[in-house]
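A.B. asks: Quick one, what's the 3D model for this:
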Amino acid sequence: MLRDLAYLFFPTYCAACDSPLYKNERLLCTTCRHELPLSNFHNVNAKKIEKVFYGRIKIENATSLFVFQKDGLVQNLIHNLKYRGRQEIGEEVGKWLGEELSQISDYQLIDCVLPVPLHKKRLLERGYNQVERFGIEIARKLNANYIDYVLKKISYNQKQSKRGRGTRWINTFETYGIQDESLLENKHILLVDDIVTTGATIEACVQVLKTIPGIKISIATMAITE
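C.D. replies: All right, here's what the predicted structure looks like:
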């Protein structure tokens, strides 16, 4: 009764379409769960993400759970995560993708999961790293270590969302650093982020990480742009 009363006065809303949820729905309404555009990359061995980085960086595997479409459900989902404080979105998406990856042999070899870090000033502004819970849940599903202190953002720059590809690359290159690199020596790591657009941020991270002896790098994101 108390749960029903709380729902009456404090309804929860779908993280993708903002419609009120029924009591038996969690985070997403039933309609959105069926309509979210899944990439299915890790199941069909698609190479779209690898093509983004072809000739730029060497990666073992790469996947995204969703396909990002302008003004679509995934855009609203990520917007709610990044700017409206709905951190449970990252947790739920991490469980979703992590469960799928745990069934695939290539991802069963992952030793560590690393989030793309925020600069400490950006972290203070937002209050959280939007990919933290996403990465933690994937690490749990893969029985891997979650490490968020080796890869660091060492310079503060403007938001990337409205920049072109060339400008983004210049703006992110050599803005990351590493500490305690021995923790990642000879390890297969999974670098996680929210969305792949131009790939500039992930490329900048990989350029730094690849200097660690024996490291292998795979990538997993919540979404990739069309």
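A.B. asks: what comes up buried for stretch 212-226?
C.D. replies: Using 16 or more other CB atoms under 10 Å as the test for burial, stretch 212-226 gives 212, 215-225. Every residue, glycine included, has its C-beta placed from N, CA and C.
A.B. asks: What does residue 117 show for phi and psi?
C.D. replies: phi -80, psi 160 (degrees, to the nearest 10).
A.B. asks: Now distance to residue 25 too, for the buried residues of stretch 212-226, in CSV please.
C.D. replies: As requested, these are exported to CSV (distance: CB to CB, whole Å):
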residue, distance to residue 25
212, 43
215, 41
216, 39
217, 37
218, 32
219, 31
220, 26
221, 25
222, 20
223, 22
224, 26
225, 28
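A.B. asks: Closest to residue 105 out of the residues you listed?
C.D. replies: Distance to residue 105 across the buried residues of stretch 212-226 (CB to CB) is lowest for residue 218, with 12.5 Å.
A.B. asks: now that closest one, what's its secondary structure?
C.D. replies: Following DSSP: H, G, I helix; E, B strand; the rest coil, residue 218 is assigned to strand.
A.B. asks: Bridge partners for it, pull those for me.
C.D. replies: Beta-bridge partners for residue 218, by DSSP bridges, are residue 190.
A.B. asks: Surely it and residue 57 touch.
C.D. replies: No. Shown here, residue 218 and residue 57 do not form a contact pair, counting by CB atoms under 8 Å, at 11.6 Å.
A.B. asks: OK, contacts around residue 111?
C.D. replies: 144-145, 187-189 (CB atoms under 8 Å, 6 or more residues apart in numbering).
A.B. asks: phi, psi of residue 222?
C.D. replies: Backbone phi and psi, for residue 222 under degrees, to the nearest 10, turn out to be phi -70, psi -40.
A.B. asks: Near residue 207, how many other residues are there?
C.D. replies: 15 (other CB atoms under 10 Å).
A.B. asks: Mind telling me what element it is part of?
C.D. replies: Element membership of residue 207 [criterion: DSSP states H and E] is helix 200-209.
A.B. asks: Please state the offset of that helix from the chain centre?
C.D. replies: On the basis of CA atoms, centre = their mean, to the nearest Å, helix 200-209 is displaced by 14 Å from the centre of the chain it belongs to.
A.B. asks: Number the chain from 26, please
C.D. replies: Renumbered: residue one is now 26, and that last one reads helix 225-234.
A.B. asks: Sketch out the helices for this protein, chain order is fine.
C.D. replies: Applying DSSP state H to the chain gives helices spanning 27-34, 55-60, 66-69, 73-78, 98-108, 113-126, 130-133, 145-151, 157-167, 190-197, 225-234.
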